[in-house]
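Sequence plus predicted model, see below.
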Amino acid sequence: PAELVPAVIGATGGLDSFSTVKGHNNNAWGVNGGIFFEPNENTRMGIAYRSKVKQKVEGTVRFAHPDLSGVPGELQQVVGSLGQMVNRQLYDGKVRAEITLPAVANISAYHQATPRLGLMADVQWTEWSSIQYLTFERVDGAILQNTPEKFRNTWRVALGTNYQFNDRWLGRFGMAYDQSPVQEGYRTPRLPDAHRLWLALGGQYALNKNMKIDFGFAYLHANDKKILDHAGNPNLNGRLDGYYENYATVASMQMIYTF
């Protein structure tokens, strides 16, 4: 009965079930191609394309359900019935999933504006609309989970500079605007993504003519976004409301040795 719902929720707070899905895919095929050309001695450009790749993943799902023995006696029957239903549907076993990873197209350019200053630009398109649902099913065909993602295609635009201070030191600066494939009505706690702005600093130090060290730091700021998630049906699934403030920092270093 509906009048028991608040009592059940209050008596079972923190008694959550957890699931773990592990899978693997032995092989998948795709195509990569590109063109590189130099309009003049100071300018070079490139075009690259990577095709969609369909992944067929097979693995297992395992569940950890809470102990309901501490539920008050007057609710034992209701909670017990719910527990039986959960155990009939959420049990360990083999699962599979199919997902098509997106195609990517990229155009980039480099121009040596002065002997010390280099300018760079990059535009990338990603066909995220190849992912509309994230579906896990059991080997008998029963649907375990079907999450609507409804991803949209995205663009990323980036600009950057190189500046050669001297024979050993090269400085770098860049920024980018990176669209998110996640749409407002389908943002989930699992992927609370939003459009991002990248700011990056870095450089290169030449130890000698053959060995160089590259280093960099990037700060990513995503737009603050709300979650109004209902998995496509608020009447059936309810709704999860939330608010996210997203940012990330990335640091990197590498050594290059040329022969």
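Thanks, I have the structure now. Numbers count the residues shown, from 1 in each chain.

Show me the contact partners of stretch 98-112.
30, 42-57, 118-131, 134-135 (C-beta atoms under 8 Å, 6 or more residues apart in numbering). All C-beta atoms are positioned from the backbone trio N, CA, C, and that covers glycine.

can you give me the offset of it from its chain's centre?
16 Å (C-alpha atoms, centre = their mean, to the nearest Å).

in it, what's buried?
99, 101-104, 106, 108, 110, 112 (16 or more other C-beta atoms under 10 Å).

next one: stretch 126-135
Buried residues in stretch 126-135, counted by 16+ other C-beta under 10 Å: 126-131, 134-135.

Those residues into a markdown table, with extra columns for pLDDT, secondary structure and distance to Ile227?
Conversion of the buried residues of stretch 126-135 to a markdown table gives the following (pLDDT from 0 to 100; DSSP: H, G, I helix; E, B strand; the rest coil; distance: C-beta to C-beta, whole Å):
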| residue | pLDDT | secondary structure | distance to Ile227 |
| --- | --- | --- | --- |
| Thr126 | 98 | strand | 23 |
| Glu127 | 98 | coil | 25 |
| Trp128 | 97 | helix | 19 |
| Ser129 | 96 | helix | 21 |
| Ser130 | 96 | helix | 23 |
| Ile131 | 95 | coil | 19 |
| Leu134 | 90 | strand | 16 |
| Thr135 | 92 | strand | 21 |
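
Need the max-distance pair from these.
Greatest spacing in the buried residues of stretch 126-135, by C-beta to C-beta: Thr126 and Thr135 (21.1 Å).

Please enumerate the strands of the stretch 51-200 of the chain.
Along the stretch 51-200 of the chain, counting by DSSP state E, counting those that start in this stretch, strands occupy 53-64, 93-101, 104-112, 117-126, 133-138, 143-148, 154-164, 169-178, 196-206.

Ser19 contacts Gln89, doesn't it?
No: Ser19 lies out of contact with Gln89 (C-beta atoms under 8 Å); the separation is 11.6 Å.

With neighbour numbers in mind, choose between the two.
More crowded of Ser19 and Gln89, by other C-beta atoms under 10 Å: Ser19, with 14 against 10.

What count of nearby residues applies to the closest residue to that one other than its chain neighbours?
Closest residue to Ser19 apart from its sequence neighbours, by C-beta to C-beta, 6 or more residues apart in numbering: Phe63 at 5.2 Å. The tally of other residues near Phe63 (other C-beta under 10 Å) stands at 15.

start the count at 38, not 1, going forward
Understood, numbering begins at 38; the last thing we discussed is Phe100.
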